[in-house]
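Chemist: Build me a model:
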Amino acid sequence: MQKVISGKTINVNDEGYLTDLTQWDKSLAQAIAQEEGIGELTPKHWDIIHYLQEQFKQEIPLSIRKISKSGVVNIEEFYALFPQGPLKKASKIAGIPKPVSCI
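Modeler: The predicted model follows:
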């Protein structure tokens, strides 16, 4: 399915996750963050987004526990930066599929 975000037509699945990471860019991430109620992305948000993308590219399964042990962010800060489903929201903003560990 296709969706227009920030003037760009992108391919998404039925939950709104990008199906083609090559369509991702920082302006799209910022627009998705706005849609998800995150607001302006800070340098710490970007650290997490880049970490998630690297893990995805290396085919390393993601989980909240893995994020908390990453050294990128502690669990409390992760929940504060991406409230109400941090791994799901952060993954969507990062342009990667919803992690299997997310319900």
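Chemist: use CA for all of it now, contacts and neighbours both
Modeler: OK.
Chemist: ok, and for stretch 65-84, which residues are buried?
Modeler: 67, 73, 75, 78, 81-83 (16 or more other CA atoms under 10 Å).
Chemist: same thing with stretch 40-56?
Modeler: Those would be 41, 45-46, 48-49, 51-53, 56, for stretch 40-56 by 16+ other CA under 10 Å.
Chemist: can you list contacts of it?
Modeler: With contact meaning CA atoms under 8 Å, 6 or more residues apart in numbering, stretch 40-56 is reached by 30, 33-34, 61-62, 72-73, 81, 90-91, 93-96.
Chemist: The closest residue to residue 34 other than its chain neighbours and residue 2, how far apart?
Modeler: Closest residue to residue 34 in three dimensions, ignoring its sequence neighbours and counting by CA to CA, 6 or more residues apart in numbering: residue 40, at 7.2 Å. To residue 2, residue 40 is 24 Å away according to CA to CA, to the nearest Å.
Chemist: any idea which helix or strand of this structure has the worst average confidence?
Modeler: Scoring the helices and strands of the chain by mean pLDDT, DSSP states H and E places helix 64-68 at the bottom, with a mean of 86.
Chemist: Give me the pLDDT value at the residue nearest to residue 34.
Modeler: For residue 40, the pLDDT comes out at 95.
Chemist: rewinding a little: adding pLDDT, write the contacts of stretch 40-56 out as CSV.
Modeler: Formatted as CSV, those follow (pLDDT from 0 to 100):
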residue, pLDDT
30, 96
33, 96
34, 95
61, 87
62, 87
72, 92
73, 91
81, 96
90, 96
91, 95
93, 97
94, 96
95, 95
96, 94
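Chemist: Which ones among those map onto helices?
Modeler: Counting by DSSP state H, the part of the contacts of stretch 40-56 found in helices is 30, 33-34, 81, 90-91, 93-94.
Chemist: Surely residue 61 touches residue 98?
Modeler: No. Using CA atoms under 8 Å, residue 61 makes no contact with residue 98, being 10.5 Å away.
Chemist: Of these two, which one has the most company?
Modeler: Comparing residue 61 with residue 98 by neighbour count (other CA atoms under 10 Å), the higher total belongs to residue 98, at 19 against 12.
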